[in-house]
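**Student:** Sequence and computational prediction follow.
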Amino acid sequence: MTSENQPKAGHRDTPVSTEFREFMAAGWAADDRPPAPRAEVADHAARRRAALSRRFPGERLVIPGGGLKVRSNDTDYTFRPHTAFAHLSGLGSAADPDSVLVLEPAAEGGHQAVLYFRPPAPRDTEEFYTDSRYGEFWVGYRPTVADVESELGLTARHIDSLQADLAKDEAAARLRVVRSADPQLAELVDTTRTQAGSTLTTEQQHEADEELARELSGMRIVKDEWEVGEMRKAIAATHRGFEAIIDTLPEAVRKGRGERWVEGVFGLYARHEGNGVGYESICASGDHANTIHWTRNTGEVRAGDLILIDAGIEIDSLFTADITRTLPVNGRFTDVQRRIYDAVYAAQQAGMAAVKPGNKFSDIHAAANEVIARHLHEWGLLPEGVTLEQTLDPERGGFHRRWMVHGTSHHLGMDVHDCQLLLRQDYLDGELKAGMVLTVEPGLYFKADDLLAPEEFRGIGVRIEDDVLVTEDGYENLSAAMPSTSDEVEQWIARISGPTATS
Ligand SMILES: [Mn+2]
């Protein structure tokens, strides 16, 4: 509802004559476009709303899409709606800023969905040609109330009626809002329910809001068939992006600042095939691979190094892939690089084998970590006298974590770290169920200045990450089409770059 205010600069305002106003308002062809057709996602979104409705009977639920954030002065960051809003409305990358979905408790039980937004101003208004944030003259086509209603199969209203609608009847005291999606609207909800005589303390009200946010985050944990299909599309697009990277590696080496070149090429595919990247791409060559969140991507890409690329394309429904491949820049692993790579691959296979209904989410990490620890033990890297059992016991050891500090898995969907608000009992300690999508992404990281690592290991970092669907009897690796053994990776690069590669 409430985009950040842009600071007003008066130095370019021009006086507007009445004659000009009249001139601008006239002479536009009538808008005779038919309303937008019903979107494929509409039925899915309706089903999601029905599930939420059953969970909060009689309560008015406010799910804001969020507003524009100022980048500087009168320019904004690219808008991306809050994921809960996108999930329940069905609006993906086309969502307008300052939209709010309200689930209105219905007299006969259940809820009615109302989408509040700002429809385009008619052409005889000043907003049409003076408002650089919303005017169609500036920002292009925007949907009408009729468009939204026919596309999404819900009721749509002008955002100006939201405040009064939130305050009407006794449900005004039983409001819940997703606070983080729109802090200003959250304040309005606070005032509204207090004035309506809510008997809850502020703290209890905020707890109720948190419960709603957690429910919205958690209800996405099992993906239906349509959602899995969207995941497949995101992964296929990401696959093509990775192949474009492989194709451009020689150029990345030649041009200098090659990590940025790689980031840019992937970003080109992300924007062309989808809405954009699902998160900032990590393009980390050589020792940068050992910086887990290396998104600066300012480094060189050198022949002889490995380049770790952790990137995913978010398609227009906002589902995103999250894939990591670690590639030898010149097409061939050295013996040492291969030794480390194969250890990570073995750990990933062990992690995947633990993906089946009934197992706990944390079993994946335990299985992968056991393989990581075993290799480190065999290589003699653990402290003198520490056994494998000891390092795997978190109370007495955990030494192997020096070289594998992160978790092995996270849920994946419309958010790269999906379902993040779930409590530990439902996430880490939760049971795997068919329809969940998660990553399996162990790694080994030997920093260039790590004096406890063998000299030949220093500066080598490897992670392999795939996106996995839990099935009735195990798992399906949704990104299996992207080569991942060391031999397959070499063949993949040779196939794309040709026999001369980049050496
Ligand atoms: Mn990941």
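**Tutor:** Looks like it came in fine.

**Student:** what sits against whichever residue of the stretch 201-350 of the chain sits closest to the ion?
**Tutor:** Closest to the ion within the stretch 201-350 of the chain is Asp322: 4.2 Å, counting by CB to the ion. Quick note: C-beta positions are derived from backbone N, CA and C, even for glycine. Taking CB atoms under 8 Å, 6 or more residues apart in numbering, we find Asp322 in contact with 278-279, 310, 312, 412, 416, 439, 465, 467.

**Student:** just Asp363 next, same as before
**Tutor:** 354, 432.

**Student:** Show me what from the chain comes close to the ion.
**Tutor:** Applying CB under 5 Å from the ion, we find that the chain lies next to the ion at 322, 439.

**Student:** give me that answer again for 6 Å
**Tutor:** For the chain, the contact set with the ion under CB under 6 Å from the ion comprises 322, 410, 439, 441, 465.

**Student:** Surely the second one is in contact with Leu428?
**Tutor:** No - applying CB atoms under 8 Å as the test, His410 and Leu428 come out as separate, 10.2 Å apart.

**Student:** can you map out the strands along the stretch 251-400 of the chain?
**Tutor:** 276-277, 282-285, 306-311, 313-314, 323-328 (DSSP state E, counting those that start in this stretch).

**Student:** Give me the contacts around the fourth one.
**Tutor:** Looking back up the chat, that one is strand 313-314. 234, 237-238, 241, 269-270, 273-278, 320-321.

**Student:** tell me the mean pLDDT for the helix or strand that contains Gly229?
**Tutor:** Here Gly229 is covered by helix 225-255, with elements defined by DSSP states H and E. Computed over helix 225-255, the mean pLDDT rounds to 98.

**Student:** same check, this time on stretch 81-99
**Tutor:** On average, stretch 81-99 scores 95.

**Student:** Quick check on Glu211: phi, psi?
**Tutor:** phi -60, psi -40 (degrees, to the nearest 10).

**Student:** Could you count how many residues lie near it?
**Tutor:** 14 (other CB atoms under 10 Å).

**Student:** Now it. Nearest residue, chain neighbours left out?
**Tutor:** Arg176 (7.6 Å; CB to CB, 6 or more residues apart in numbering).

**Student:** wouldn't the one you found be in contact with Leu61 here?
**Tutor:** Yes - using CB under 8 Å, Arg176 is in contact with Leu61, at 5.4 Å.

**Student:** Need phi/psi at Leu469.
**Tutor:** Here Leu469 shows phi and psi, under degrees, to the nearest 10, equal to phi -100, psi 130.

**Student:** Identify the bridge partners of it.
**Tutor:** Val437, Glu476 (DSSP bridges).

**Student:** List the contacts of the residue of the stretch 51-200 of the chain found nearest the ion.
**Tutor:** Nearest residue of the stretch 51-200 of the chain to the ion (CB to the ion) works out as Thr83 at 16.2 Å. Shown in contact with Thr83 (CB under 8 Å, 6+ apart): 220, 318, 414-415.

**Student:** got any residues that touch both of Arg176 and Leu61?
**Tutor:** Going by CB under 8 Å, 6+ apart, residues that sit against Arg176 and also against Leu61 are Leu212.
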